[in-house]
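J.: Sharing a sequence plus its predicted fold:
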Amino acid sequence: MHIITKEVYFCYGHRLMNHPGKCRNLHGHSVKASISIQSDQLNGQGMVCDFADVRDAVESFVDQHLDHNFLLHKDDPIIPALLANNERFLALDEHPTAEVLSKMIYRHLKQEGLNVDQVVLWETASAYACYRED
Ligand SMILES: Nc1nc2c(c(=O)[nH]1)N=C([C@H](O)[C@H](O)COP(=O)(O)OP(=O)(O)OP(=O)(O)O)CN2
Ligand SMILES: [Zn+2]
């Protein structure tokens, strides 16, 4: 089994509505996502797939939905104020945790046909969430 990993970097604002501590406040992160693709065999170029193809697939999703966006639970009471001020945001059915964001990226890449092994989202220098499916 071969596994390759490509890292992409992006930023977002969010808050965790039900968090008992500081993460209930509006704040932001500059994050790293590590995307691993697996294959039993290599292609005619000796690759699982080109790192650039992984980057392009991740970045098109990230740029459209996550990068420099404000990620909120759909029931967050700040949403009416953002709408009134024409501010960009993304309302999610789940809380915008590293777990949920890594799952979103994973599911999108699977849908695009990439044989994703796992997506790891480093939300801070010391904390990450990993999503994979068996
Ligand atoms: N399981 C999760 N726990 C937390 C998440 C998360 O997405 N999944 N998110 C947060 C906050 O949004 C933020 O990421 C803060 O993380 P934390 O590591 O607690 O923050 P610090 O960098 O301040 O950590 P210190 O090590 O205390 O400096 C919280 N929890
Ligand atoms: Zn946070």
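T.: In hand now; what should we look at? Ligands and ions are numbered 1, 2, ... in the order given.
J.: What pLDDT is listed against residue 24?
T.: pLDDT recorded at residue 24 is 96.
J.: just residue 134 next, same as before
T.: 79.
J.: Can you identify each of the strands in this protein by residue range?
T.: In the chain, the strands defined using DSSP state E lie at 2-14, 27-39, 69-73, 90-92, 116-124, 127-131.
J.: CA-only coordinates of stretch 10-29 in PDB, if you can.
T.: Coordinates of each C-alpha in stretch 10-29 appear next as PDB, following Å, rounded to 0.1, in the frame of the first residue of the first chain:
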ATOM      1  CA  PHE A  10      -6.000  28.300   5.200                       C
ATOM      2  CA  CYS A  11      -7.800  30.500   7.700                       C
ATOM      3  CA  TYR A  12     -11.200  30.800   9.100                       C
ATOM      4  CA  GLY A  13     -13.200  32.400  11.900                       C
ATOM      5  CA  HIS A  14     -15.700  30.500  14.000                       C
ATOM      6  CA  ARG A  15     -17.000  29.800  17.400                       C
ATOM      7  CA  LEU A  16     -18.200  26.700  19.300                       C
ATOM      8  CA  MET A  17     -21.700  27.800  20.600                       C
ATOM      9  CA  ASN A  18     -22.000  25.200  23.300                       C
ATOM     10  CA  HIS A  19     -18.400  25.200  24.500                       C
ATOM     11  CA  PRO A  20     -18.100  25.800  28.200                       C
ATOM     12  CA  GLY A  21     -14.900  27.800  27.900                       C
ATOM     13  CA  LYS A  22     -13.100  30.400  25.700                       C
ATOM     14  CA  CYS A  23     -14.100  28.700  22.400                       C
ATOM     15  CA  ARG A  24     -17.600  30.000  22.700                       C
ATOM     16  CA  ASN A  25     -16.200  33.400  21.800                       C
ATOM     17  CA  LEU A  26     -15.800  34.600  18.200                       C
ATOM     18  CA  HIS A  27     -12.200  33.800  17.200                       C
ATOM     19  CA  GLY A  28     -10.100  32.500  14.300                       C
ATOM     20  CA  HIS A  29      -7.500  30.000  13.300                       C
END
